[in-house]
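**Student:** With the input below, show me the fold.
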Amino acid sequence: MTERAKSNLPPLSAIRAFEAAARQGSFTAAGAELGMTQAAVSYQIKVLEDRAGLPLFHRKARGVTLTAEGARLAERAGEAFDILRLAFADVNRARDETLVISVLPTVAQQFLAPRLGSFQIAHPSITTRVEVESRAVDLLGGEATVAIRAGRGVWPGLAAHFLMPGTYAPMISPAFVARHGRPERPADLLALPRIDETDEGWAGWFRAAGVEPPGVHAGGGTLFGTQALTAQAAIAGHGACLLNPRLFRAELARGDLVQPFDILWTEDYAMYLVYPERRRNAPAIRVFRDWILAEMQEPGT
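**Tutor:** I've put the predicted structure just below:
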């Protein structure tokens, strides 16, 4: 909008008073609707008439009627306020939309499920539906509202907010320690059972620990595919596994899992909250984004 266009637009308070008076056919009734005195409504309309350079109402002893010019302006002003009312109605409907969250299995189980109740309590008008899947859903095509996915943080057409790094450390269980003893050095893990031992993360972790990783052999072993399942196998004592400590703090705190070394390996991928850039200001997305980013800042998260 140009500076000239801005200067030609009367104060919104004057337009609002005029629209109400034109609709009600009374300055007094307009004042009651707007919470203003009759004198205040009259003043605002006088401001508008001074700007227009002509009268908009015929003042009579028993009320007011619109002039021809006032009637034309009232029609346009009414249309403008109807547009605003519809816009705000759309916003309110958007607050009641279903928020479909596509999330990776382990993040759903270890992070989202224990916390999502607090979001629903804070925002009861938003219905949430969690869809657990490993594939990258088509957010631009509307398959979900938001997603929590792993990657490098760049997806065309999507806004991405960093949640946590892809950081891993070996973990074992008390049952494993009872059977094999607790490893004292990183190299000790080379001779011990490891779950998902062909996972390239093991080579990355051994290098971070200053240990030459073993060669990858073909065949044999079990690949669970998700950290949640791998963790269950480790808790049962079937071997050491690589897990993200931030996702398994509860198991570490309970003693179900033990992290024998502080050495961490960080992969290129990290966890991000993503959604269509064009929907950045959608109410449900905005409040979920603010909530989950605040949750990531909480101690112990």
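**Student:** State the distance from the residue sitting furthest away from the middle of the chain to Glu133.
**Tutor:** In terms of distance from the mean C-alpha position of the chain, Ala61 ranks first, at 58.1 Å (Cα atoms, centre = their mean). Applying Cβ to Cβ, to the nearest Å, the value for Ala61 to Glu133 is 73 Å. Every residue, glycine included, has its C-beta placed from N, CA and C.
**Student:** helix, strand or coil for His58?
**Tutor:** Put simply, His58 is strand when judged by DSSP: H, G, I helix; E, B strand; the rest coil.
**Student:** excluding its backbone neighbours, what's nearest it?
**Tutor:** Thr65 (4.8 Å; Cβ to Cβ, 6 or more residues apart in numbering).
**Student:** Could you list which residues are in contact with that neighbour?
**Tutor:** 25, 57-58 (Cβ atoms under 8 Å, 6 or more residues apart in numbering).
**Student:** Buried subset of those residues, written for ChimeraX?
**Tutor:** To isolate the buried subset of those in ChimeraX, counting by 16 or more other Cβ atoms under 10 Å, use the following:
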select :57
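**Student:** who does the host helix or strand of Ala20 touch, helix- and strand-wise?
**Tutor:** Using DSSP states H and E, Ala20 maps to helix 12-24. Helix 12-24 sits against helix 27-34, helix 38-52, helix 68-95, with contacts defined as 3 or more Cβ pairs under 8 Å, 6 or more residues apart in numbering; DSSP states H and E.
**Student:** Strands of the stretch 101-250 of the chain, start to end?
**Tutor:** 127-132, 146-151, 158-171, 241-243 (DSSP state E, counting those that start in this stretch).
**Student:** Any idea which of those strands gets closest to Phe288?
**Tutor:** With distances scored as Cβ to Cβ, the stretch of the strands of the stretch 101-250 of the chain nearest to Phe288 is strand 146-151 (6.2 Å).
**Student:** centre of the chain versus the closest one, how much separation?
**Tutor:** Here the centre of strand 146-151 is set off from its chain's centre by 11 Å, with Cα atoms, centre = their mean, to the nearest Å.
**Student:** Direction included, what does it pair against?
**Tutor:** Under the criterion DSSP bridges, strand 146-151 sits next to strand 98-103 (parallel), strand 265-276 (antiparallel) in its sheet.
**Student:** Ala178: which of the helices and strands packed on helix 12-24 is closest?
**Tutor:** Here helix 68-95 is closest among those (Cβ to Cβ), at 53.4 Å.
**Student:** how about stretch 230-237: buried residues?
**Tutor:** Applying 16+ other Cβ under 10 Å to stretch 230-237 flags 230-235, 237 as buried.
**Student:** which intervals of the stretch 151-300 of the chain have sub-threshold pLDDT?
**Tutor:** 216-224, 299-300 (pLDDT under 70).
**Student:** Could you rerun that using 50?
**Tutor:** Counting by pLDDT under 50, the stretch 151-300 of the chain has low-confidence residues at 218-220.
**Student:** Helices along that one, start to end?
**Tutor:** In the stretch 151-300 of the chain, the segments counted as helices under DSSP state H, counting those that start in this stretch are 174-180, 200-208, 227-235, 249-254, 283-297.
**Student:** Now distance to Thr128 too, for these, in CSV please.
**Tutor:** Formatted as CSV, the helices of the stretch 151-300 of the chain follow (distance: least, Cβ to Cβ, whole Å):
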stretch, distance to Thr128
helix 174-180, 36
helix 200-208, 31
helix 227-235, 20
helix 249-254, 22
helix 283-297, 8
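**Student:** Which of these has the highest mean neighbour count?
**Tutor:** Mean neighbour count (mean count of other Cβ atoms under 10 Å) peaks for helix 227-235 among the helices of the stretch 151-300 of the chain, with a mean of 21.
**Student:** Go ahead and name everything in contact with that one.
**Tutor:** Contacts of helix 227-235 (Cβ under 8 Å, 6+ apart): 105-106, 109-110, 171-173, 175-176, 195-196, 222, 224, 239-244, 247-248, 251, 256-257.
**Student:** Could you check how far it is from the centre of its chain?
**Tutor:** Once both centres are worked out by Cα atoms, centre = their mean, helix 227-235 turns out to sit 28 Å from its chain's centre.
**Student:** same thing with stretch 161-181?
**Tutor:** From the chain centre to the centre of stretch 161-181 is a distance of 28 Å (Cα atoms, centre = their mean).
**Student:** Stretch 67-79 now?
**Tutor:** Distance of stretch 67-79 from its chain centroid, counting by Cα atoms, centre = their mean, is 43 Å.
**Student:** Stretch 274-288 now?
**Tutor:** Here stretch 274-288 is found 6 Å from its chain centre; the criterion is Cα atoms, centre = their mean.
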